[in-house]
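In: just the structure for this:
(one chain, ligands or ions: 1)
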Amino acid sequence: MICPSLPDTPSGFPLAIIGAGALGLHFAARLAGCGPVAVLARSAARAETLRAGLVVGDARFRPQAFGPDDPLRAEWVLLLVKTGDTEAAARQALHLQPHGILSLQNGLTESRLRAVCGSVPAAQGLTTEGAYRDSAGVHPAGAGETLLPPGFETLAAHLQAAGFRARIEPDMGPARLAKLLVNLAINPLTALHRVPNGALLDAPYRVELEALVDEAWPVLHAAGLRLDRTAAHARVVTVAAATAGNRSSMLQDVLAGRPTEIDAITGAVLDMASAQGRDLPLNRTVYTRIKGLAPP
Ligand SMILES: NC(=O)c1ccc[n+]([C@@H]2O[C@H](COP(=O)([O-])OP(=O)(O)OC[C@H]3O[C@@H](n4cnc5c(N)ncnc54)[C@H](OP(=O)(O)O)[C@@H]3O)[C@@H](O)[C@H]2O)c1
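Out: Residues are numbered from 1 along each chain as shown. Reported below is the predicted structural model:
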């Protein structure tokens with residue numbers, strides 16, 4: 001399918017994706033069906049490996065992959081690295097001289113992104129698309145919705161043309177807090193207990209799940225979350241049920257011995273709580289236990 005919204009541009013690529021991981025390659029493979037998409041890898045060697053091709057979903061994908069020192073320009077950048085790599089990836093994005101940089105990371109990273117990007121528009125949207133990777137390739141794990149803030153209409157059009165459910169959300173803050181609520185409840189508990197998401201709905205984990213949500217809710221509500229306490233619990237339960245068989249990204253990180261995103265998820269809520277003069281002992285304990293499991 002040729003998508004009219006992704007034209008080749010004389011200045012380089014209309015779109016670049018930084019982070020050739022599960023989500024980055026899932027997005028790249030679909031977008032590449034519409035037009036040129038540059039994939040920026042962490043190193044030249046990784047870019048070369050990627051150019052040889054890999055399986056994404058049920059097809060072979062040969063990305064137009066580049067290393068950090070390749071001269072390249074792109075009009076829009078999607079930033080899809082883990083939260084610990086945000087600043088390095090943002091600096092790499094700036095070299096492309098884009099009109100804008102959009103993160104679809106979990107957790108809260110927008111202020112860190114903006115601190116690096118200066119006057120270049122940079123923001124955090126969100127996505128409920130899912131994908132994971134293993135030695136066989138990248139596996140899409142459920143279609144979702146992608147929300148982008150105003151100013152990123154062109155990027156939203158690219159995503160829509162590639163078949164993603166994507167829309168501009170005028171008020172990203174509350175939507176981001178709702179996703180943060182889900183992540184702070186499901187991710188650390190699945191990682192600590194090494195269980196799939198759905199197991200949290202039953203004993204003995206359900207009590208802990210409800211307690212984390214109950215404790216964090218006043219902080220998130222004061223910060224702008226537009227779910228009352230009952231709706232907040234219902235949201236977490238609905239997501240855990242809808243993704244019952246999935247292994248959360250934090251569980252996958254812990255099992256693989258990789259750093260987790262706990263700082264950008266529970267850590268961000270603990271910071272919010274402390275700015276509000278509140279303490280969240282249960283969430284703090286979970287944070288400390290996850291920090292004890294993973295490499296720095
Ligand atoms: N996967 C999902 O289903 C999903 C859903 C919603 C949101 N998210 C969020 O999306 C983000 C990415 O998740 P993911 O699952 O795709 O992670 P991932 O599979 O670990 O992929 C991240 C990729 O970024 C690369 N990277 C790191 N620093 C880089 C840099 N400076 N320049 C270029 N590439 C760099 C990594 O390279 P190396 O391999 O060399 O380390 C890795 O390939 C996370 O914040 C996650 O929470 C994921």
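In: for the rest of this, base every contact and every neighbour count on C-alpha atoms.
Out: Fine.
In: how close does the spatially most central residue of the chain sit to F164?
Out: Per Cα atoms, centre = their mean, the C-alpha nearest to the average position across the chain is that of Q105, at 2.5 Å. Computed with Cα to Cα, to the nearest Å, the distance linking Q105 and F164 is 17 Å.
In: give me the distance between the two termini of stretch 27-46.
Out: 18 Å.
In: next up, the contacts around the nearest residue to V195 once chain neighbours are set aside.
Out: Sequence neighbours aside, R247 is the residue nearest to V195 in space, at 7.2 Å (criterion: Cα to Cα, 6 or more residues apart in numbering). For R247, the contacting residues are 190, 195-197, by Cα atoms under 8 Å, 6 or more residues apart in numbering.
In: and R247, helix, strand or coil?
Out: coil (DSSP: H, G, I helix; E, B strand; the rest coil).
In: distance check, it against L200.
Out: 12 Å.
In: what is in contact with these two at once?
Out: Taking Cα under 8 Å, 6+ apart as the contact rule, R247 and L200 both touch T190.
In: for the residue nearest to the centre of the chain, give its distance to the ligand.
Out: Look at Q105 and the ligand: by Cα to the nearest ligand atom, to the nearest Å, they are 3 Å apart.
In: mind listing what that residue touches?
Out: Residues near Q105 by Cα under 8 Å, 6+ apart: 79-83, 124-127.
In: hmm, 10 Å instead?
Out: 23, 78-83, 86, 124-127, 261, 264 (Cα atoms under 10 Å, 6 or more residues apart in numbering).
In: likewise L96?
Out: Contacts of L96 (Cα under 10 Å, 6+ apart): 12-13, 15-16, 71-77.
In: ok, and the closest non-adjacent residue to it?
Out: R73 (4.2 Å).
In: pLDDT value on that neighbour, please?
Out: Listed pLDDT for R73 reads 95.
In: and for G198?
Out: 97.
In: how many neighbours does it have?
Out: For G198, the count of nearby residues is 21 (other Cα atoms under 10 Å).
In: now do the one 10 residues further on
Out: Counted by other Cα under 10 Å, the residues lying close to E208 total 16.
In: make sure it is indeed in a strand.
Out: No: assessed with three-state DSSP, E208 is helix; it does not lie in a strand.
In: ok, it - contacts?
Out: By Cα under 10 Å, 6+ apart, E208 lies in contact with 185, 189, 200-201, 214, 282.
In: how about the residues of the stretch 1-150 of the chain by the ligand?
Out: 18-24, 40-42, 80-83, 85, 88-89, 104-106, 127-132 (Cα under 6 Å from any ligand atom).
In: returning to that earlier point: narrow the contacts of L96 to those that are buried.
Out: Neighbour counting by 16 or more other Cα atoms under 10 Å classes 12-13, 15-16, 72-77 among those as buried.
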